[in-house]
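In: here is my input, please return the structure:
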Amino acid sequence: MSEKRSNLMIIQSLVMICFLLGCDLFAFYLQLNLKAISHLAIAVLTAQLICLLIFAKGKICRGQNTRLIQVNLYFLLYWGTWFLLSVFSNYHYVITDIVSLCGIATTIAIWQQPQDPVMRKSLLIIGSLSAILGILTYLIVFVQLPFSYFLKYNIITQILIGFIIANLILVSAKNRLNGFISLLSFATLILLFLNATIALLLIYYASLSAVNFVNEFALGLYFILHLIIVLILGFHIFNKNMLSYYTLLILFFISLTFPIWILFSLIY
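Out: Numbering: from 1, shown residues only. This next block holds a predicted model:
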């Protein structure tokens with residue numbers, strides 16, 4: 001890999017992590033919880049699980065494999081930030097500690113892939129199990145929180161964002177799995193419709209439970225942004241065009257704001 005391409009990949013990876021952390025921490029600030037709970041942890045774990053699937057089943061050359069590992073390594077910044085925020089602050093939450101450690105373990109498993117096929121397969125399985133454990137641990141949050149929080153920490157929204165992150169990672173790493181990338185775009189489109197439907201049902205149920213959505217503009221914008229992403233994805237799928245890095249970055253940023261608009265809809 002040339003130095004210019006390597007520097008570009010580093011910049012693109014850092015931009016992705018900065019967007020991810022910036023929006024997640026801002027949503028946390030708006031939530032004003034007594035506990036440190038990420039709004040996007042499942043999104044990151046979903047993206048890493050997709051990458052693990054590619055490492056295990058995808059037919060990619062060593063160069064593509066190396067670039068994909070390098071991009072994934074930047075998730076250590078995300079998981080490390082949340083672990084430190086939870087452990088060394090007044091918002092300490094054991095669930096977040098465990099989820100962050102699972103994310104760190106997954107990232108390290110991806111990073112430290114050996115050349116030996118048997119050892120590599122074993123390490124990828126460990127990484128996958130760590131990611132699954134992190135997701136299952138995160139779900140415990142919903143046992144301890146009121147029903148109204150389901151919309152704020154919407155699982156489908158996070159999985160949707162995870163698919164966009166995975167797509168962004170593949171493009172940043174100059175991966176040539178065009179068929180798989182197209183499949184991710186189509187799956188993202190389906191998840192958008194599913195997410196909007198579930199959000200409408202949750203909003204209706206919340207309104208029956210005396211939850212007031214006082215900022216109707218924010219709530220309306222939440223669904224308008226769904227439509228914008230659908231139009232962008234639909235245009236590229238219909239014309240059989242691959243999504244560029246900058247288009248994906250726009251979709252990524254828009255989707256990251258979904259939890260924020262829901263939180264704004266509950267604020268005067």
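
In: number of residues surrounding residue 263?
Out: Residue 263: 21 surrounding residues under other CB atoms under 10 Å. C-betas here are computed from N, CA, C, even on glycine.

In: before we move on, what about the one 3 residues further on?
Out: Other residues near residue 266 come to 19 when the count uses other CB under 10 Å.

In: likewise residue 51?
Out: Residues lying near residue 51 (other CB under 10 Å) number 28.

In: which one is it nearest to, not counting chain neighbours?
Out: Leaving aside its sequence neighbours, residue 51 sits nearest to residue 72 (CB to CB, 6 or more residues apart in numbering; 5.8 Å).

In: check residue 208 and give its pLDDT.
Out: Note on residue 208: pLDDT of 79.

In: tally up the residues packed near it, please.
Out: Neighbour tally, residue 208, other CB under 10 Å: 8.

In: for residue 242, helix, strand, or coil?
Out: At residue 242 the chain is in coil, as set by DSSP: H, G, I helix; E, B strand; the rest coil.

In: mind listing what it touches?
Out: Applying CB atoms under 8 Å, 6 or more residues apart in numbering, we find residue 242 in contact with 178, 181, 182, 236.

In: dihedrals phi and psi, residue 240?
Out: Backbone dihedrals for residue 240, given as degrees, to the nearest 10, come out at phi 60, psi 40.

In: so which residue is dead centre in this structure?
Out: The residue lying closest to the centre of the chain (CA atoms, centre = their mean) is residue 43, at 2.6 Å.

In: so in the chain, where's the weakest helix or strand by average pLDDT?
Out: helix 141-144 (a mean of 82; mean pLDDT, DSSP states H and E).

In: mean confidence for the very next helix or strand once past that one?
Out: For helix 141-144, the following helix or strand on the C-terminal side (DSSP states H and E) is helix 149-152. Mean per-residue pLDDT for helix 149-152: 85.

In: same question for stretch 171-178.
Out: Stretch 171-178 comes out at a mean pLDDT of 82.

In: quick check: pLDDT value at residue 263.
Out: pLDDT, residue 263: 91.

In: which residues touch whichever strand or helix holds it?
Out: In the assignment (DSSP H and E), residue 263 maps to helix 258-265. Applying CB under 8 Å, 6+ apart, the contact partners of helix 258-265 are 23, 26-27, 30-31, 39-40, 151-154, 157, 161, 195, 199, 213-216, 218-219, 221-222, 225.

In: in ChimeraX, select just the buried ones from those residues.
Out: The command below creates a ChimeraX selection of those among the contacts of helix 258-265 that count as buried (16 or more other CB atoms under 10 Å):
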select :23,26,27,30,31,39,40,151,152,153,154,157,161,195,199,213,215,218,219,221,222,225
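
In: let me know the helix or strand that the residue nearest to residue 51 is in.
Out: For residue 72, the host element (DSSP H and E) is helix 62-73.

In: buried ones in that helix, by neighbour count?
Out: Across helix 62-73, burial judged by 16+ other CB under 10 Å covers 64, 65, 67, 68, 69, 70, 71, 72.

In: again with stretch 175-189
Out: Under the neighbour-count criterion of 16+ other CB under 10 Å, stretch 175-189 has 175, 177, 180, 181, 182, 184, 185, 187, 188, 189 buried.

In: who's in contact with the fourth one?
Out: Going back to what we said before, that points to residue 181. 167, 170, 171, 175, 242, 243.

In: now with 7 Å?
Out: 167, 170, 242 (CB atoms under 7 Å, 6 or more residues apart in numbering).

In: any idea how far residue 224 is from residue 239?
Out: Distance, residue 224 to residue 239, by CB to CB, to the nearest Å: 23 Å.

In: if you count what's nearby, which of the two comes out ahead?
Out: It is residue 224, of residue 224 and residue 239, that has more neighbours when counted by other CB under 10 Å, with 10 against 7.

In: packing partners for the strand or helix carrying that one?
Out: Secondary-structure assignment from DSSP H and E places residue 224 in helix 216-238. Here helix 216-238 touches helix 178-208, helix 245-256, helix 258-265, going by 3 or more CB pairs under 7 Å, 6 or more residues apart in numbering; DSSP states H and E.
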